[in-house]
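> sequence first, predicted coordinates after that:
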Amino acid sequence: MPEEEQFTSLREAIPGLVTAVQAVAADDAPRFHIDIETDDVEAETARLLELGATQVAQWLECRVLRAPGGHLLCVIPVHSDPELFKSQARTWT
């Protein structure tokens, strides 16, 4: 994600996963959040909304959600190498 300056990539911090730190607005409580990489942003967003998340923003193709416990998470389109994603992606139901 070098073209997105708010992210600092931690290359190979966890082999096979993209790990990055994102700068957040100062008014947001200090927390961690997870980006869920998916090949179907709309379907994954709908699944998480059904589980109780609420959508709080949209940035480009990404959806920013708040989990019932208050943590922010993002649903993002595939950023990984497509072949790596295809071979290692997991489906949650």
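Happy to help now that I have it.
> rest of the way, CA atoms for contacts and neighbours
OK.
> can you count the residues close to the nearest residue to residue 22 once chain neighbours are set aside?
Distance criterion CA to CA, 6 or more residues apart in numbering; nearest residue to residue 22, sequence neighbours excluded, is residue 7 at 4.5 Å. For residue 7, the neighbour count with other CA atoms under 10 Å is 15.
> with residue 38 instead?
Count around residue 38 with other CA under 10 Å applied: 20.
> so it makes contact with residue 80?
No - using CA atoms under 8 Å as the test, residue 38 is too far from residue 80 to be in contact (9.9 Å).
> got any ranges where the chain has weak pLDDT?
Within the chain, the segments meeting pLDDT under 70 span 1-4, 14, 16-18, 23-32, 93.
> could you rerun that using 50?
1-2 (pLDDT under 50).
> which residue ranges form the strands in this structure?
Ranges of strands within the chain are 7-9, 20-22, 34-38, 54-59, 62-66, 72-77, based on DSSP state E.
> specify the beta-bridge partners of the spatially most central residue of the chain.
What sits nearest the mean C-alpha location of the chain, by CA atoms, centre = their mean, is residue 35, with 1.6 Å. Beta-bridge pairing of residue 35 under DSSP bridges involves residue 74.
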